[in-house]
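>>> Just a sequence and a predicted model for now, questions to come.
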Amino acid sequence: MAAYPPVRRPTTPTGSRPLPGRVTEGAITGFLFKVIREQIPRTQDELAEDLGVDKSTLQGWESGRRPLSATRAGNLVAMRRRLILLGAPSGLVEMLNTAMDADLLLGEILGADPLHGRLGDHPLAAWVLTRDTTHMIGWAVGGVLPGVVAAHSTIPAARRGPVSSSPLLEAGLRARFFQCLRTASEMVERAGEDSSLLRRQVWYLSSYDQEWDAASWFDGLRRRGAMTATVDGWSPRWVEARSVAAALARQGDPTLMREFINRSIADHDEAEVANLNYWAHWLGLDGRPQTDDGFMAERDRPAWDASALLRAFAVRLDRAVEYTDLYIHSIWALIVSRRGLLDSDPHVARELAGRVRLLLDGNTLSVESRRELESVHYGLRTSGYST
């Protein structure tokens, strides 16, 4: 069977708007660059002078017509350093590479032909996405502001004229993106474990479609035997079930996630390890690029720092409300599996204790999550970090 055809890079006349139905190659990176400029703050004229480029070049970067990814590597490194010296938030500047990766994936997904290409050549089939790359794509197809961008910037609530407040694609392109995902899902529905990564990443990205009835779609897959909601112990199907539960939780239904935690993670040592390994990769704490999900089964000497993972959990515990159950269980499992972890970073332990108390004082937790969080609270209290 023929491989996927190369992505056709869209072109537009200089100075024109992107053509309807076409994606501008550097749209996400360009919008992030504009956010960075506004945080310094600089006008286009001022920043062009600071960087030693023409205003038209800078405008091309921001619109995506002249993608930053086409800039010579040395010039790009120098520009990032210059932006930070000018006062740009370093956290945003560091995300430019991630935005370029997201632009590349977005273009490849829109350009892929799942009906005539090899499944293994699909852009989602051989690269395990991280949270930041996924959220950048979600910014373009769902208008959801990535947390890392929100944490380092203040995006103006209103601008004069018809100026977008996000890199959200026009409606036709968004529809085409989600249809590409649906078509890919249909093609791999009954494929073997070799297509597991493609299946689960297609399913999760589909959850950014707010007009999609995810519950009904997954229920249909389950009835046809193409999906298993819960799996005992780690396997490629386990990862798929986790992604399905996460997709439904993103859309506001935590039921399957709670069932998955109770039946497919808790009391399964290999699944507990896989869950923490995946979290470390998802949050960018395991810097190794992954081409399949096999790394989740690694049990000896994990390539990530447990204190860093606990810190990442602590700052997000009361923010990502759709994943509260998974965060709580993962924190509990991490502390249980790493003796002395709470004492390795007292500042993080105290921050965690404050967030734990807030959640325990509320009435939104499930019975299992409350039980596990009370256990975490007990550990914090006996270690002297909570009252």
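All right, it came through fine. Numbers count the residues shown, from 1 in each chain.

>>> Please state the offset of the helix or strand hosting Gly107 from the chain centre?
Applying DSSP states H and E as the criterion places Gly107 in helix 96-111. The chain centre lies 13 Å from the centre of helix 96-111; the measure is Cα atoms, centre = their mean, to the nearest Å.

>>> Can you give me the buried ones in it?
96-111 (16 or more other Cβ atoms under 10 Å). Where C-beta positions appear, they are placed from N, C-alpha and C, glycine not excepted.

>>> helices and strands around whatever helix or strand comes next after that helix, which ones?
The element immediately downstream of helix 96-111 (helix or strand, assigned by DSSP H and E) is helix 131-142. Of the remaining helices and strands, those touching helix 131-142 by 3 or more Cβ pairs under 8 Å, 6 or more residues apart in numbering; DSSP states H and E are helix 27-39, helix 96-111, helix 147-152, helix 171-188, helix 196-206.

>>> Just want the angle from helix 131-142 to helix 196-206.
With axes from the mean of the first three to the mean of the last three Cα atoms, to 10 degrees defining the directions, helix 131-142 sits at 50 degrees from helix 196-206.

>>> Dump helix 131-142 to PDB, keeping only the CA atoms.
Extracted in PDB, the C-alpha atoms of helix 131-142 (Å, rounded to 0.1, in the frame of the first residue of the first chain):
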ATOM      1  CA  ARG A 131       1.000  17.500  27.300                       C
ATOM      2  CA  ASP A 132       2.500  20.800  26.000                       C
ATOM      3  CA  THR A 133       2.400  19.700  22.400                       C
ATOM      4  CA  THR A 134      -1.100  18.300  22.800                       C
ATOM      5  CA  HIS A 135      -2.300  21.500  24.400                       C
ATOM      6  CA  MET A 136      -0.800  23.600  21.600                       C
ATOM      7  CA  ILE A 137      -2.700  21.600  19.100                       C
ATOM      8  CA  GLY A 138      -5.800  21.900  21.300                       C
ATOM      9  CA  TRP A 139      -5.300  25.700  21.200                       C
ATOM     10  CA  ALA A 140      -5.600  25.700  17.400                       C
ATOM     11  CA  VAL A 141      -8.500  23.200  17.100                       C
ATOM     12  CA  GLY A 142     -10.500  23.900  20.300                       C
END
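
>>> Now do it: everything it contacts.
By Cβ atoms under 8 Å, 6 or more residues apart in numbering, the residues outside helix 131-142 that reach it are 27-28, 31-32, 95, 98-99, 101-102, 105-106, 144-149, 166-169, 174, 177-178, 204-205, 208-210, 282-284.

>>> What of stretch 215-222?
Contacts for stretch 215-222 (Cβ under 8 Å, 6+ apart): 189, 203, 206, 227-229, 244, 247-248, 251, 253.

>>> returning to what we had before: apply the buried test to the contacts of helix 131-142 and list what passes.
Buried members of the contacts of helix 131-142, counted by 16+ other Cβ under 10 Å: 27-28, 31-32, 95, 98-99, 101-102, 105-106, 144, 146, 148-149, 166-169, 174, 177-178, 204-205, 208-209, 282-284.

>>> ok, Val93 touching Ile84?
Yes - Val93 lies in contact with Ile84 (Cβ atoms under 8 Å); the separation is 5.5 Å.

>>> who has more neighbours, the two?
A count of neighbours by other Cβ atoms under 10 Å puts Val93 above the other of Val93 and Ile84, at 20 against 16.

>>> which SS state does that one fall under?
When classified by DSSP: H, G, I helix; E, B strand; the rest coil, Val93 comes out as helix.

>>> ok, now Pro302?
Going by three-state DSSP: Pro302 is coil.

>>> One more: Ala191?
Relying on three-state DSSP, one would call Ala191 coil.

>>> show me what contacts it?
119, 199.

>>> do you know how far it is from Gln39?
To Gln39, Ala191 is 45 Å away according to Cβ to Cβ, to the nearest Å.

>>> Just confirm His329 contacts Ile265, I think it does.
Yes - with contact defined as Cβ under 8 Å, His329 reaches Ile265; the gap is 6.5 Å.

>>> what touches both of these two?
Listed as contacting both His329 and Ile265 by Cβ under 8 Å, 6+ apart are Asn275.

>>> I'm done for today, thanks for sticking with me.
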